[in-house]
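Student: Build me a model:
(chains A and B)
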Protein chains: 2
Amino acid sequence: MTAIPGLTDGDVLTAVEGVRPGRESGEQVAEVFARGAWTGIAEPGDGVAGAFVGTFGAADALALVGEGTPPGGHPELLEAFDRWRPRFDPAVALRAFRNAAHLGIRLLLPGDAAWPAGVDDLGAHAPLALWCLGDPSAVRALRRSIALVGARAATGYGERVAADAAAGLADRGFAVLSGAAYGIDGAAHRAALASGGTTVAVLAGGLDRFYPSGHEQLLRRIAAEGAVLAELPCGFAPTKWRFLQRNRLIAAASRATVVLEAGARSGSLNTAGHAAALGRPLGAVPGSVYSATSAGCHRLLREYDAVCVRDAADMAELVAEPTGDLPLEGLEPVEDPLERRVLDALGPRSRRLDDIARRAGLGLGETASVLGLLTLEGTAVELPDGGWRRGR
Amino acid sequence: MTAIPGLTDGDVLTAVEGVRPGRESGEQVAEVFARGAWTGIAEPGDGVAGAFVGTFGAADALALVGEGTPPGGHPELLEAFDRWRPRFDPAVALRAFRNAAHLGIRLLLPGDAAWPAGVDDLGAHAPLALWCLGDPSAVRALRRSIALVGARAATGYGERVAADAAAGLADRGFAVLSGAAYGIDGAAHRAALASGGTTVAVLAGGLDRFYPSGHEQLLRRIAAEGAVLAELPCGFAPTKWRFLQRNRLIAAASRATVVLEAGARSGSLNTAGHAAALGRPLGAVPGSVYSATSAGCHRLLREYDAVCVRDAADMAELVAEPTGDLPLEGLEPVEDPLERRVLDALGPRSRRLDDIARRAGLGLGETASVLGLLTLEGTAVELPDGGWRRGR
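Tutor: Numbering: from 1, shown residues only, chains lettered A, B, ... in the order given. So this is what the prediction gives:
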């Protein structure tokens, strides 16, 4: 076992056991602890940390930071050590683990059955570990999930669409992923819960303090029936940077991102940008052109080729496997042009064949054969005087 | 001069002079008359008629129909003669010309200065002539026009968007083309008139009877300040077929078509289909996902790659010439990530450099240099104790 500098092996084992109940045998305890510790050392999305841990393993990488000398002396790594070293504190890490264990929070690691595989598409910027309060199988369900995001200052319209969409997605077996913010996020989580669906929230700070505080009750319900995730350990507050990085997780962990309402510069456009960068399908819900909270959605439709989605069915279709040649219904009314012209030429009273043909601008033969069809359909009626009139 | 069967040369000359005031010298009078007569013989969009007239000239083609024997005996032409012959009646044509002259209607022909050149893109399906009530220069202005179309059963929202769009397009020097129907069409024409812009209506029947009758006053104003067009001559009623063919003219005569509100099976989707088939830009205005009158617009956005347009500026952009590399504003807030992280790490009271660096997860050197920039901007304030706090 690679020792964690400044901690006894017993401390490390106890810490890991507290957040990995039923952990797999043979698990490298120091490696698990180090991954958790790294979540408090590198800011989310630190690609140098991802590459460094990927190369050396989390525990050896952590020990190198503790020693203070980057291997090789690559300038990017020198700079990174300069920012990691001040946050390297095994006591802080130990406290985060203990707090987590006390609150029933688990540590999820890449490769776990519950690990949201989509985040691995972030490459070196993927999270090194995730803290999870609630049911890990809800996190696993993110493999079939759609992220519903939008404005905090949502309108009644936006909240109604969010609620209908979340309920409809739950009915279709999709998990609903969001950020637990006021407005759209909250409406989406609530409706998913009310429909008995799976819902997961990702927070920008540690799970020991729910944010926003007005959603504490909602977050407790999400944790009880689904799961709440965070990349930061206990004791770390959300910052604007961490909100932006949290958004990348929402985009990466879901199969598609849908923006329901967003101002022209809303944070949910940042989530949309991450989804687009990852090649994930991106949907936007249209609204009134006079609504400031639909401006961001319309911008996504205009400038970023987002798909216009109206309801849960459209959202599910974003992630549907292609099913071959589904014929698109044409823009033209499905109607035979000749039938249309003969129908136009019929009146409420009897008209003779030549009169009908002249009005329709068609030949006698054509007109007679179309009249035959229309008579069968009942849209034309043949009369005893040899003429035709309009049917029902 | 090719004689028109059944009419004297004097009749023909008088008829033509009545609808071609100030006609060009050397104009083939019989040819002009025959083109006008053809508008009552072939239904709009009859490609065989277009090809036949294109090959033989309108007058000779008319004479051949009068004789009753198609040249060559091609089956398609035999069938066409079968439908044209019953409508060949020089007396009916003469009456249409006389009524037109009486009402101040002109006959426009391909190649006229006022001819809406866009309709020639319809090829053999282009109109052989157009009847025009009003100012031919308004028809000429269709070269810089946008078609605004939509539901008859429009909502207040749709009519407001139509009115704002038409006024904004008028301000930008665009003519507004529409179909004078109730709802969206009427709102668009009215707003264009109110803004002193140019507006043109295309009707599905002859110009001697305005349709819909409830828009008689509006159509008089359009004719007085702009123009009203029809492909059918006086005495011909609108039919459903003719409405569909009228829609092709609206799509072809304008530079772009915008659908403002449309039910899922609205006739304006037919206009949109013609615009798409002609390669004309197609716009759709978004609305509430719960509004049945926005369902057609959302379908255009989803299935037909229509551009989401919010206002006159967006509509004008549909037909704008590409202006090179206009950089798109990114989805990410325009913000330096390091500045964001240092700002997040500042508090309302003094914090030391190493504290700020640790909170930001950045090195001391980086943090100091970013703090320098933020101090210059005023977003950070350097304090006498050597620390920094958040600025304004």
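Student: can you map out the strands along chain A?
Tutor: A:105-108, A:130-134, A:145-149, A:175-178, A:199-203, A:227-230, A:256-259, A:282-284, A:307-308, A:380-382, A:388-390 (DSSP state E).
Student: Out of the ones you listed, which gets nearest to chain B?
Tutor: When the strands of chain A are compared by Cβ to the nearest Cβ, strand A:307-308 sits nearest chain B, at 3.9 Å. Just so you know, the C-beta spots here come from the backbone N, C-alpha and C atoms, and that holds for glycine as well.
Student: Just checking: what are the partner strands of that closest one?
Tutor: Its sheet considered, strand A:307-308 pairs with strand A:282-284 (parallel) by DSSP bridges.
Student: Other residues contacting the strand it pairs with?
Tutor: Identification of contacts with strand A:282-284 by Cβ atoms under 8 Å, 6 or more residues apart in numbering or on different chains yields A:256-259, A:272, A:275-276, A:297-298, A:300-301, A:304-309, A:314-315, A:318.
Student: Hmm, A:R221 is touching A:L193, no?
Tutor: Yes - in this structure, A:R221 is within contact of A:L193 by Cβ atoms under 8 Å, at 5.9 Å.
Student: What residues does the residue of the stretch 51-200 of chain A found nearest chain B make contact with?
Tutor: Taking Cβ to the nearest Cβ, chain B has its nearest neighbour within the stretch 51-200 of chain A at A:D82, 2.9 Å off. Each residue near A:D82 by Cβ under 8 Å, 6+ apart is listed here: B:L362, B:G363, B:L364, B:G365, B:E366.
Student: what about burial for those, which qualify?
Tutor: The neighbour count (16 or more other Cβ atoms under 10 Å in any protein chain shown) marks B:L362, B:G363, B:L364, B:E366 as buried among those.
Student: same for chain A: which of those residues are within range?
Tutor: B:L362, B:G363, B:L364, B:E366 (Cβ under 8 Å from any Cβ of the partner chain).
Student: right, and the third one touches B:L353 too?
Tutor: Yes - B:L364 sits in contact with B:L353 when judged by Cβ under 8 Å, with a separation of 6.2 Å.
Student: what about the closest residue to chain B within the stretch 101-250 of chain A, distance to B:G347?
Tutor: Across the stretch 101-250 of chain A, no residue is closer to chain B than A:T239, which sits at 3.5 Å (Cβ to the nearest Cβ). According to Cβ to Cβ, to the nearest Å, A:T239 stands 12 Å off from B:G347.
Student: now the strands of chain A as CSV including mean neighbour count?
Tutor: Shown next, in CSV, are these (neighbours: other Cβ atoms under 10 Å in any protein chain shown):
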stretch, mean neighbour count
strand A:105-108, 24
strand A:130-134, 26
strand A:145-149, 31
strand A:175-178, 30
strand A:199-203, 28
strand A:227-230, 28
strand A:256-259, 30
strand A:282-284, 29
strand A:307-308, 22
strand A:380-382, 18
strand A:388-390, 19
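Student: Excluding chain neighbours, give the residue nearest to the residue of the stretch 101-250 of chain A closest to chain B in space.
Tutor: B:D344 (3.5 Å; Cβ to Cβ, 6 or more residues apart in numbering or on different chains).
Student: For the spatially most central residue of chain A, give me its contacts.
Tutor: For chain A, A:A147 is the residue whose C-alpha lies nearest the centre (Cα atoms, centre = their mean; 2.0 Å). Listed by Cβ under 8 Å, 6+ apart, the contact partners of A:A147 are A:V176, A:L177, A:S178, A:I250, A:A251, A:A253, A:S254, A:A256, A:T257, A:V258, A:T271, A:A275.
Student: give me the beta-bridge partners of it?
Tutor: Under the criterion used (DSSP bridges), A:A147 bridges to A:L177, A:T257.
Student: circling back: what's the PyMOL line that selects buried ones from the contacts of strand A:282-284?
Tutor: In PyMOL syntax, the buried subset of the contacts of strand A:282-284 is picked out as below (16+ other Cβ under 10 Å):
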select buried, chain A and resi 256+257+258+259+272+275+276+297+298+300+301+304+306+307+308+309+314+315+318
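Student: List the contacts of A:F174.
Tutor: By Cβ under 8 Å, 6+ apart, the neighbours of A:F174 are A:R144, A:S145, A:I146, A:G197, A:M315, A:A316.
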